[in-house]
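Engineer: Mind folding the following:
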Amino acid sequence: QVQLQESGPGLVKPSQTLSLTCTVSGGSITTNLYYWSWIRQSPEKGLEWIGTMTYSGSTYYSPSLKSRTSISRDTSQNLFTLQLSAVTSEDTLVYYCARYYLYPGQYDYWGQGTQVTVSS
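Structural biologist: Residues are numbered from 1 along each chain as shown. Presented below is the predicted three-dimensional model:
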């Protein structure tokens, strides 16, 4: 059974960098059937895609967040990470990691989500 688990600080100060880790169990992040994404959710806007890392390590980011976003991975620990810099109160959201199954092309596993609050 595949499981994704987000972890990281729930409170970040304005202008600092938000750092989250998604630890994956039950499957390798280098398997060439899946991509790995970060997504966030707000009550007003719904789900917002942040970025994706492919099984080979390539990354794609939302144009609106690209300048502040970095996704990396540690294949030895089977995890991938999100860094979002220069955070503001607008980044106070629930953050999810998720697996994208290339065939048929949909998200099939999600983490439980983690609340991140930006506040001094």
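
Engineer: what about stretch 78-85, distance to the chain center?
Structural biologist: Put simply, stretch 78-85 sits 6 Å off its chain's centre (C-alpha atoms, centre = their mean, to the nearest Å).

Engineer: Could you give me the buried positions within it?
Structural biologist: Buried residues in stretch 78-85, defined by neighbour count with 16 or more other C-beta atoms under 10 Å: Asn78, Leu79, Phe80, Thr81, Leu82, Leu84. Where C-beta positions appear, they are placed from N, C-alpha and C, glycine not excepted.

Engineer: List the strands paired with the helix or strand hosting Val116, with their directions.
Structural biologist: Per DSSP states H and E: Val116 is located in strand 114-118. Strand 114-118 has the following strand partners under DSSP bridges: strand 11-12 (parallel), strand 93-101 (antiparallel).

Engineer: which residues does the spatially most central residue of the chain bridge with?
Structural biologist: By C-alpha atoms, centre = their mean, the chain has its centre lying nearest to Trp38, at 2.4 Å. Per DSSP bridges, the residues bridged to Trp38 are Gly51, Cys97.

Engineer: hang on, it packs against Tyr96?
Structural biologist: Yes - under the criterion of C-beta atoms under 8 Å, Trp38 is in contact with Tyr96, at a separation of 7.2 Å.

Engineer: my guess is Val116 meets Thr92, correct?
Structural biologist: Yes - if you go by C-beta under 8 Å, Val116 and Thr92 touch, sitting 6.6 Å apart.

Engineer: more neighbours, the two?
Structural biologist: The neighbour count for Val116 versus Thr92, taken as other C-beta atoms under 10 Å, is higher for Val116 (23 against 17).

Engineer: can you pull the contacts of the closest residue to Gln115 other than its chain neighbours?
Structural biologist: Leaving aside its sequence neighbours, Gln115 sits nearest to Val94 (C-beta to C-beta, 6 or more residues apart in numbering; 5.3 Å). Contacts for Val94 (C-beta atoms under 8 Å, 6 or more residues apart in numbering) come out as Arg40, Gln41, Ser42, Gly113, Thr114, Gln115, Val116.

Engineer: CA-only coordinates of the strand holding Val116 in PDB, if you can.
Structural biologist: Extracted C-alpha coordinates of strand 114-118, given in PDB (Å, rounded to 0.1, in the frame of the first residue of the first chain):
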ATOM      1  CA  THR A 114      -0.500  19.600   6.600                       C
ATOM      2  CA  GLN A 115      -1.600  23.100   7.700                       C
ATOM      3  CA  VAL A 116       1.100  25.800   7.300                       C
ATOM      4  CA  THR A 117       0.500  29.100   8.900                       C
ATOM      5  CA  VAL A 118       2.500  32.200   8.100                       C
END
